[in-house]
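Peer 1: missing the sequence, but the structure's below:
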């Protein structure tokens, strides 16, 4: 029995390896994104990478909420068939929202998406008594819902009101986004996608709309698009005065 | 003598009560009907799994959450994919609240409450990311390989890729 | 000191057990409310993603703050050596533990996952003041427990002064920790202040003593044991000083904020157009909870009446609860200022004052905590010797003489 298993495993590994190589050879025009940077499933994340998001508000349109709908679809919250049926509107979770701004002096208006800012010094992680709210080595701030006791102190501490609490029993959760009653949650930068070298759903959706207002990438990679864009004038962080060094940057507001 | 008969009387009564209460246990509570999973073998031997599945799950959850390790072998989603059959008709899908669900079948029998499905999906779903393990696509550029085809070939050749 | 105090258990009379049953019923209802909230989820409460801490936290923080203050009387006896307070030290310790247990029970039962309390006690993030509070609170119970042991057990009396000093310092750290829960939140304009910790300490003195006075008078009146005016006058004056101290901190807090242009919006909300929060602040916190008690306690004629002490204590407690409501809930209701200089709106209630109304399960849970505290005190004085037989003037201060204090001291209970 075990002999067969070893043979099977050997076969799998051989095929896997061949396929990977074959992929490079067989499919022209598809190239692996920085082979050294792409993380294999069995390797831990490191701080050699810091994920960041740039929101170009000049390209963000007032009536568009593609990012919100994509997040809802990807992570299984909100929308018309939300699984939060008993919660009031003020109690329903929102991982990302469109915020409409109007300058009091000039009257000019902006619109931008606001989500967890994935701070370098997250106050939510500082105040969490059990350490459930934490910052991963690669900069993504997450809630470990196995350890979350639902005290909501992180929600008090967040300067961006990025977090939501689940007020009722849920069913039909997405496999990539476990969510449950009595725990706190927020935008995860679609960590399940990022770990598989894809972009967050909101970023993909914005690109699909043709706006490309959301740019995602590794801020520690000097050649990445986001690193280049962050050098531009007029790019700033929200509540930068708090010294949290968020991973999300906004341009044009 | 009277005291002795009182004692036997009380003992008899106690024995009767105990017998009544233990009848269901002695008769044997219905053994769980454990649904059969896909394939011919689990990722670990059955005896190992019986004794240690909670340890594998606990270890994997911390590895995934904190270190971003998403290996398939002890992934909860992969357990579900094999062990919980997806019903054709969504209305007839077995969920964790039913003793027919793979996890609940044993856990109902042993009366050990599990917390997993308060948050986790208890039925198989496409993760949408698994196939990308094979070839790494570039951000927002040309389309990737036909991964369906490649995955099907892998499965045919001898099981899931690591 | 030639007179020794006699401590005696309270008799279990019909009246005693009736009152106890009332508190026990409050506890039962509170537990039922907690079960309902946990089973259904928090959708049954008035709390939401904007106001995440509601009425249970108002009660819980009030009880916890009062708990540390209730120990004050014992500290005055053991640490500062004031003889007239010594007979009261045991009750003070008992009340402190009881109030803390009541407050903690409410806090724990309101958690989203109260079944994970064991996780909270095994996984620690020591950057969090909450994690420290777990040790500060449980440590408090252990230390005050030991302190009570030095008072109840004659053989342990040698450790009394050290235990008293340790307990005193511990509770200052504990209350600082409780105030810092809010003071550390830089994101919220109405919390981010170093004044939170000392303000909470003075509030603890005030609320704790008010509750102690009411419990003392209630127990002595109910059991027919005598209480002299001398000890009451001392305590009522002390209460007045504490109420004034709290008012001082509140004034300084708002005046400081008013000086800074960046805080005008928040201050306007708190003091002027914050609707229920403004009304509660001026009418209840400042008016009923501070000024009226000050008048009642320090007025030359009114201050001599026992009824004044009772009414003042009740008003201080009501004012204290209102203060917790304004601080905890009002502080959350005011919107975060993420985009200075901009008018903000969104689907997630950005830029607007958040809505909140206390729901029945929350109120019942909070009252359940009060029930736990009071039931525990009643049980304690019934089972162990916490209550002195007599608090008559001659008993309390053997050096007391009638001529020294004058005619006013001899006033009958009013």
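Peer 2: That came through, no problem. Remember, predicted model here, so these are calculated numbers, not experimental data. Numbers count the residues shown, from 1 in each chain, chains lettered A, B, ... in the order given.
Peer 1: only C-alpha atoms from now on, for both contacts and neighbour counts.
Peer 2: Noted.
Peer 1: pLDDT wise, what is the closest residue to chain A within chain B at?
Peer 2: Residue nearest to chain A within chain B: residue B:119 (4.1 Å; CA to the nearest CA). For residue B:119, the model assigns a pLDDT of 96.
Peer 1: can you check residue A:166 too?
Peer 2: The predicted local confidence for residue A:166 is 97.
Peer 1: swap in residue A:25?
Peer 2: Residue-level confidence at residue A:25 comes out at 40, pLDDT.
Peer 1: what's the neighbour count on residue C:273?
Peer 2: Neighbourhood size, residue C:273 [other CA atoms under 10 Å in any protein chain shown]: 13.
Peer 1: which residues touch it?
Peer 2: When the contact criterion is CA atoms under 8 Å, 6 or more residues apart in numbering or on different chains, residue C:273 has no partners at all.
Peer 1: helix or strand for the residue lying closest to residue C:364 once chain neighbours are set aside, which one?
Peer 2: The shortest distance from residue C:364 to any non-neighbouring residue, by CA to CA, 6 or more residues apart in numbering or on different chains, is to residue C:30 (5.1 Å). Using DSSP states H and E, residue C:30 maps to helix C:14-40.
Peer 1: please see if whichever helix or strand comes after that helix touches chain A.
Peer 2: Later in the chain than helix C:14-40, the nearest helix or strand by DSSP H and E is helix C:55-70. No. Figure legend: helix C:55-70 not in contact with chain A (CA under 8 Å from any CA of the partner chain); closest approach 10.7 Å.
Peer 1: now the helix or strand following helix C:55-70, how far from the centre of its chain.
Peer 2: Sequence order places helix C:72-78 as the next helix or strand after helix C:55-70, per DSSP H and E. Helix C:72-78 sits 16 Å away from the centroid of its parent chain (CA atoms, centre = their mean, to the nearest Å).
Peer 1: what's helix C:72-78 packed up against?
Peer 2: Judged by 3 or more CA pairs under 8 Å, 6 or more residues apart in numbering or on different chains; DSSP states H and E, helix C:72-78 is in contact with helix C:89-109, helix C:160-183, helix C:196-223.
Peer 1: give me the pLDDT for residue C:409.
Peer 2: Confidence score, pLDDT, at residue C:409: 40.
Peer 1: before we move on, the earlier item: of the helices and strands packed on helix C:72-78, which approaches residue A:156 most closely?
Peer 2: helix C:160-183 (9.0 Å; CA to CA).
Peer 1: mind listing residues that contact that closest one?
Peer 2: The contact list for helix C:160-183 (CA under 8 Å, 6+ apart) reads C:61, C:65, C:68, C:71-72, C:74-75, C:78-79, C:129-130, C:132-133, C:136-137, C:140, C:143-144, C:146-147, C:150-151, C:191-201, C:204.
Peer 1: please apply the same query to stretch A:71-82.
Peer 2: Stretch A:71-82 has contacts (CA under 8 Å, 6+ apart) with A:69, A:83-84, A:92-96, A:173-174, A:176-177, A:201-202.
Peer 1: try stretch C:38-45
Peer 2: Contact with stretch C:38-45 is made by A:86-88, A:91, A:166-169, A:181-182, C:37, C:109-110, C:112-114, C:358-362, as judged by CA under 8 Å, 6+ apart.
Peer 1: for ChimeraX, write the selection for the buried entries among those residues.
Peer 2: Selecting only the buried entries of these in ChimeraX, with 16 or more other CA atoms under 10 Å in any protein chain shown as the criterion:
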select /A:86,87,91,166,167,168,169,181,182 /C:37,109,110,112,113,114,361,362
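Peer 1: filter the contacts of stretch C:38-45 by proximity to chain B?
Peer 2: Contacts with chain B within those, counted by CA under 8 Å from any CA: A:169, A:181.
Peer 1: which ones among the contacts of stretch C:38-45 map onto helices?
Peer 2: Judged by DSSP state H, the subset of those located in helices is C:37, C:109, C:360, C:361, C:362.
Peer 1: any idea how far chain B is from the second one?
Peer 2: What that stands for is residue C:109. The gap separating residue C:109 from chain B is 19 Å, by CA to the nearest CA, to the nearest Å.
Peer 1: wait, what's in contact with that residue?
Peer 2: By CA under 8 Å, 6+ apart, the contact set of residue C:109 is C:34, C:38.
Peer 1: how about chain C: which residue is closest to chain A?
Peer 2: For chain C, CA to the nearest CA, closest residue to chain A: residue C:112, 3.7 Å.
Peer 1: residue contacts, that residue?
Peer 2: A:149, A:150, A:151, A:181, A:182, A:183, C:38, C:41, C:42.
Peer 1: next one, pLDDT for it please.
Peer 2: pLDDT, residue C:112: 95.
Peer 1: pick the one among the contacts of residue C:112 closest to chain B.
Peer 2: The nearest member of the contacts of residue C:112 to chain B, counting by CA to the nearest CA, is residue A:181 at 7.0 Å.
Peer 1: surely the closest one is in contact with residue A:164?
Peer 2: No. Between residue A:181 and residue A:164 there is no contact under CA atoms under 8 Å: 11.1 Å.
Peer 1: so how many other residues sit close to the closest residue to residue A:62 other than its chain neighbours?
Peer 2: Closest residue in space to residue A:62, ignoring its immediate chain neighbours: residue A:111 at 5.3 Å, by CA to CA, 6+ apart. Neighbourhood size, residue A:111 [other CA under 10 Å]: 22.
Peer 1: which of the three states applies to residue C:271?
Peer 2: Under DSSP: H, G, I helix; E, B strand; the rest coil, the three-state class of residue C:271 is helix.
Peer 1: OK, contacts around it?
Peer 2: C:278, C:281, C:282.
Peer 1: mark which of those are buried, thanks.
Peer 2: By neighbour count, with 16+ other CA under 10 Å, the contacts of residue C:271 hold C:278, C:281, C:282 as buried.
Peer 1: what would those look like in TSV with pLDDT?
Peer 2: Below are those laid out as TSV (pLDDT from 0 to 100):
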residue	pLDDT
C:278	97
C:281	97
C:282	97
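Peer 1: tell me the one of those nearest residue C:89?
Peer 2: Ranked by distance to residue C:89 (CA to CA), these are led by residue C:281 at 33.5 Å.
Peer 1: that closest one: what's it in contact with?
Peer 2: Counting by CA under 8 Å, 6+ apart, residue C:281 makes contact with C:270, C:271, C:322, C:323, C:326.
Peer 1: farthest-separated two in those?
Peer 2: Within the contacts of residue C:281, C:271 and C:322 form the most distant pair, 14.2 Å apart (CA to CA).
Peer 1: ok, and the closest non-adjacent residue to residue C:51?
Peer 2: residue C:332 (5.7 Å).
Peer 1: now swap in residue A:104 and tell me
Peer 2: Excluding the flanking residues, the one nearest residue A:104 by CA to CA, 6+ apart is residue C:342, at 5.4 Å.
Peer 1: is the one you found in contact with residue A:106, as I believe?
Peer 2: No. Using CA under 8 Å, residue C:342 makes no contact with residue A:106, being 9.8 Å away.
Peer 1: distance between the ends of stretch C:338-348?
Peer 2: 13 Å (CA to CA, to the nearest Å).
Peer 1: buried ones in that stretch?
Peer 2: Within stretch C:338-348, the residues scored as buried using 16+ other CA under 10 Å are C:338, C:342, C:343, C:344, C:345, C:346, C:348.
Peer 1: what sits against residue C:334?
Peer 2: Remark: with contacts taken as CA under 8 Å, 6+ apart, residue C:334 is in contact with C:266, C:269, C:352, C:353, C:354.
Peer 1: follow-up on the earlier one: what's the closest of the contacts of residue C:271 to residue B:87?
Peer 2: Looking across the contacts of residue C:271 and measuring by CA to CA, the closest to residue B:87 is residue C:278, at 57.8 Å.
Peer 1: surely the closest one forms part of a helix?
Peer 2: Yes. With three-state DSSP as the criterion, residue C:278 is located in a helix.
Peer 1: next, count neighbours for the residue of chain B closest to chain A.
Peer 2: As a measure of burial, residue B:119 has 22 neighbours, counting by other CA under 10 Å.
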